[in-house]
Every structure is written in structure tokens, then in C-alpha cells.
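[1] can't give you the sequence, but here's the structure:
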């Protein structure tokens, strides 16, 4: 599962050839979640409000890059890293 971004201890990854809808995976300490790229809602798992807020802020700024990476992953192509939240 390629890591596409890391910031403030939050790790963002995508699986190759993963199931729809387009989404990304988030890990922070013992917390894990799957986030829908279009709605930025949690599909599975749980994050604290603080971590979820940071992830949503980051994802909203990089939605087009997340969509592009989703397409690359579906085609088993290398993914692009995305700038972290600063």
C-alpha cells in the first residue's frame, strides 16, 4: 500500500486496484479510517475529531491529486506523492 503523504504523524495511503468508491486510507497511531475522495466522509473506521479535521482540510486542498492517484492506482501505475498539510 503506497504512502502518498505524511504530516503531523498522519499517514495517507492508497491500495492498488482497490474497490470503488474512490477513497484513501488514513492511519494515525491506533486510529484507522477509509475516506471517500468525493464526499470526504468516513466510509469505514474512526478518527478523533482533531485528526479527522486535519485530514479533511488536507484532502479538500488536494482533491484533484487524490482523484489522479486513484486512477493511477486502478491501473497499477506508480502513485504521486502529495504535499503535506503545513
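    Now that the structure is in, tell me what you want to look at. The structure displayed is predicted, hence computed values, not measured ones.
[2] C-alpha from now on. contacts and neighbour counts both.
    Noted.
[3] what about this structure, any weak spots by pLDDT?
    Low-confidence segments of the chain (pLDDT under 70): none present.
[4] Would you agree residue 34 is in contact with residue 40?
    No. Using CA atoms under 8 Å, residue 34 is not in contact with residue 40, being 9.5 Å away.
[5] between these two, which one's more packed in?
    With other CA atoms under 10 Å as the criterion, residue 34 and residue 40 differ in neighbour count, and residue 34 comes out ahead with 22 against 18.
[6] Can you tell me the element the more buried one falls in?
    Counting by DSSP states H and E, the element that carries residue 34 is strand 31-36.
[7] That strand pairs with which strands, parallel or anti?
    As defined by DSSP bridges, the strand partners of strand 31-36 come to strand 23-28 (antiparallel), strand 42-46 (antiparallel).
[8] Tell me which residues are up against it.
    21-27, 41-47 (CA atoms under 8 Å, 6 or more residues apart in numbering).
[9] between those, which is closest to residue 59?
    Residue 59 has its nearest neighbour among those in residue 24, at 9.6 Å by CA to CA.
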